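**Student:** Mind looking at a prediction? Sequence and model below.
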Amino acid sequence: MLRNRRAKIVATLGPASSDPQTIEKLFRAGVDVFRLNFSHGSHDDHRRRYESIRALEQEAKHPIAILQDLQGPKIRLGTLPDGKVRLEAGARVTFVLDKASADPTRLPLPHKEVFDGIMPGHKLLIDDGKVRLVARGCGHDFIEATVATGGVISDRKGVNLPDTLLQLSPITEKDRADLAFGLKLGVDWVAFSFVQRAADLMEAHQLIGGRAGVMAKIEKPKALADIDDILRLADAVMVARGDLGVEIPPEEVPGAQKDLVRLCRLAGKPVIIATQMLESMIQAPAPTRAEASDVATAIYDGADAVMLSAESASGQYPLEAVETMDRIVSRTERHSAYPAIVEALHPAVEPLAQHAVSAAAAEVAKTIGAAGIVAFTSTGTTAARIARQRPGLPILAITPNLPTARRLALLWGAFNVRSDDVSSYSQMVEEAVRHVRETGFAQPGECVVVVAGVPFGAAGSTNNLRVVTV
């Protein structure tokens, strides 16, 4: 299953893509990571999808990553008079701490955290920003607001508060139950919604306890303000452009995307670009030209992965969406401008042996025209350090740990293989050559650069580089 591209594809499973046959077709068409969206579906639904993926993994003899995406807290209106209310621009209304209201000028908002955190001048955006209000006066159980952009609102519509730091955990009771279920199944990555600050991820790490990778979904302006500390604690990042595009002006989203990809690459953390990438393919067999450009832009930025949501979960053309995304990514990476754009960012090499050897491996492989780089890794860190350099060559990541092999399916350029641990230098070379041959990673007569740590099996000991001819 060696792909003809470096960036990875994440696809969401749902009603349109839950049977084993469709899941296999999606995998063969190019999916590297399957996303289980716990905002929808029952535990039984997700269990069946999980079991289908693991059965496919056994058949394909290739590790596949499974991403559990938790719903997170949702701020919603309560029940309105007659189920809906029209708000006129310039009108004054009051949000009240209640589940229901019979007065159209008093909007129920049953979330104490909002009243505790909001300040005059803060914006309240209803229904993905279709209706916009500005807070004028606040109390412990009321918010007086002026309607900036009018429209009709209805029961339980979502409310976004881009200016307000909400004192609530991003992990709800539903999330805790879903997380326990996902970890028991054996998911490889867990994405946490509503992350506002680095402290939110400390709770996530405590709950997961190393059993899966912790992914921070960046969808709040407050997260952008604390991104350096968030990156220190996150194992990976998802740029959730849907909610982010509601809470910050849409013209700022492309710049935020580029900044996040750059910061993640410098930190050596995988980053996914998500939301509305091929949105029209929910109902059409081909994307718009703008959508194709959007996917290509993420690849030029240097993202580790691009993601399909409703396109593969509930759309009419899930297989075609994956095939289209695969073609766009492959063609973009073959474009003459791609190497120069991606290599323009040169991450500084930290003054440690493991960092220097990993960076040297990328440079040596490019200089001698190697077929690729073979990285022996226990935790995946060695492969991540090499991928950080974006060498333009595939990385064969060999690990004795199946969980590591699965998580590496998200990493740029990495072809993940599980193998028995090596105990000697000669065995390392033998294993490298064997896997290179079996996977078609290199042809006889070609050379590869092999990176490992001595003593073998010790995490963080990357200190050895060798050029091997197949």
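**Tutor:** Yes, it's here.
**Student:** Please make it C-alpha for all contacts and neighbour counts, starting now.
**Tutor:** Noted.
**Student:** which ones are touching residue 102?
**Tutor:** Each residue near residue 102 by Cα atoms under 8 Å, 6 or more residues apart in numbering is listed here: 80-81.
**Student:** same question, the one 10 residues further on
**Tutor:** Each residue near residue 112 by Cα under 8 Å, 6+ apart is listed here: 97, 141.
**Student:** tell me, how many neighbours does the residue nearest to residue 64 when sequence neighbours are not counted end up with?
**Tutor:** Distance criterion Cα to Cα, 6 or more residues apart in numbering; nearest residue to residue 64, sequence neighbours excluded, is residue 406 at 5.3 Å. Using other Cα atoms under 10 Å, residue 406 has 24 neighbouring residues.
**Student:** Double-check residue 406 against residue 67; I have them as touching.
**Tutor:** No: if you go by Cα atoms under 8 Å, residue 406 and residue 67 don't touch, sitting 10.3 Å apart.
**Student:** okay, and the common contacts of those two?
**Tutor:** Common neighbours of residue 406 and residue 67, using Cα under 8 Å, 6+ apart, are residue 188.
**Student:** how deep is residue 176 tucked in, by neighbour count?
**Tutor:** Neighbours of residue 176 under the rule other Cα under 10 Å: 15.
**Student:** Please name every helix or strand in contact with whichever strand or helix holds it.
**Tutor:** Using DSSP states H and E, residue 176 sits within helix 173-185. For helix 173-185, the elements it packs on are helix 43-60, judged by 3 or more Cα pairs under 8 Å, 6 or more residues apart in numbering; DSSP states H and E.
**Student:** and the helix it packs on, average pLDDT?
**Tutor:** Regarding helix 43-60, the rounded mean pLDDT is 98.
**Student:** Any regions of the protein where pLDDT drops low?
**Tutor:** Low-confidence regions of the chain, defined by pLDDT under 70, span residues 1, 455-461.
**Student:** can I see the domain layout of it?
**Tutor:** According to automatic domain parsing, the chain comprises the domains 8-72+170-334, 81-160, 353-469.
**Student:** of all the ones you listed, which lies closest to residue 346?
**Tutor:** Nearest of those to residue 346, taken as Cα to Cα: domain 353-469 at 7.1 Å.
**Student:** Is the residue nearest to residue 64 in a helix, a strand, or coil?
**Tutor:** The three-state assignment at residue 406 reads helix, by DSSP: H, G, I helix; E, B strand; the rest coil.
**Student:** what sits against it?
**Tutor:** Counting by Cα under 8 Å, 6+ apart, residue 406 has contacts 63-66, 188, 416.
**Student:** run the last query once more with 10 Å
**Tutor:** Contact analysis of residue 406 by Cα atoms under 10 Å, 6 or more residues apart in numbering lists 32-33, 57, 62-66, 187-189, 380, 416-418.
**Student:** and of those, the nearest to residue 325?
**Tutor:** Using Cα to Cα, residue 32 comes nearest to residue 325 of those, at 12.1 Å.
**Student:** can you count the residues close to the closest residue to that closest one other than its chain neighbours?
**Tutor:** Closest residue in space to residue 32, ignoring its immediate chain neighbours: residue 9 at 5.4 Å, by Cα to Cα, 6+ apart. Neighbours of residue 9 under the rule other Cα under 10 Å: 24.
**Student:** just the one 4 residues further on next, same as before
**Tutor:** Other residues within reach of residue 13 by the criterion other Cα under 10 Å amount to 27.
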